[in-house]
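Asker: What follows is a predicted structure for the sequence shown.
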Amino acid sequence: MTRAISATLALLIAAGLGAVMAEGTHVMNKEPRFPQLTMGQLTDAQKPLAEEIMKVSSVGLGGPYNPLLRSPVLGQRMFDLLHYLRWETSVPLKLNEFAILIIGRQWRSQRAKKLLGEQQVVDLTTVAGTYISIATLLAMSEESVPPGRELPFKLGEP
């Protein structure tokens, strides 16, 4: 039980950091940044993923799938990863659900589509999120540089 409490506290801290990083970026738009795709609008590259999504999604092609379909190769890989993270991790299901709800509530995303285009903003956002995950894994496990190598970031530097 202590492990679950520690994990929950770590998650709350991470969610709080996410809220701080995203603060000031949330503005309600009347028009969606990525118009909702329908099956009839999909390219041949998007259709296989969309068909898989429709088998399991309670929101159809909505939610994260709408932007991920803009980058179908990434979308397929994220679909597979999301399946693992949602249903197959070693974390108890209720704690996993709690983590999903906290993070979903805290993070807010705006901007960039006009500058980069749909696929690039989806790819760039996923790159950033993935490497945030890698950085937290490295920090959690107290990994460091190989012996004899200099730290790339000095202690105390921002």
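Answerer: All right, it came through fine. Residues are numbered from 1 along each chain as shown.

Asker: Need the distance between the two termini of stretch 34-53.
Answerer: As for stretch 34-53, its first-to-last residue distance stands at 17 Å under the measure CA to CA, to the nearest Å.

Asker: Next: stretch 48-66.
Answerer: Taking CA to CA, the first and last residues of stretch 48-66 lie 14 Å apart.

Asker: Show me where this structure has its helices.
Answerer: Secondary structure of the chain by DSSP state H: the helices cover 2-22, 47-56, 65-68, 72-87, 93-106, 113-116, 118-140.

Asker: what's the average pLDDT for the third one?
Answerer: Here the mean pLDDT over helix 65-68 is 89, rounded to a whole number.

Asker: for it, packing partners?
Answerer: helix 47-56, helix 72-87, helix 118-140 (3 or more CB pairs under 8 Å, 6 or more residues apart in numbering; DSSP states H and E). Where you see a C-beta, it was placed from the backbone N, CA and C, and this is true even at glycine.

Asker: so how far is L81 from the spatially most central residue of the chain?
Answerer: Centroid-nearest residue in the chain: G129, 5.4 Å away (criterion: CA atoms, centre = their mean). With distances taken as CB to CB, to the nearest Å, G129 is found 11 Å from L81.
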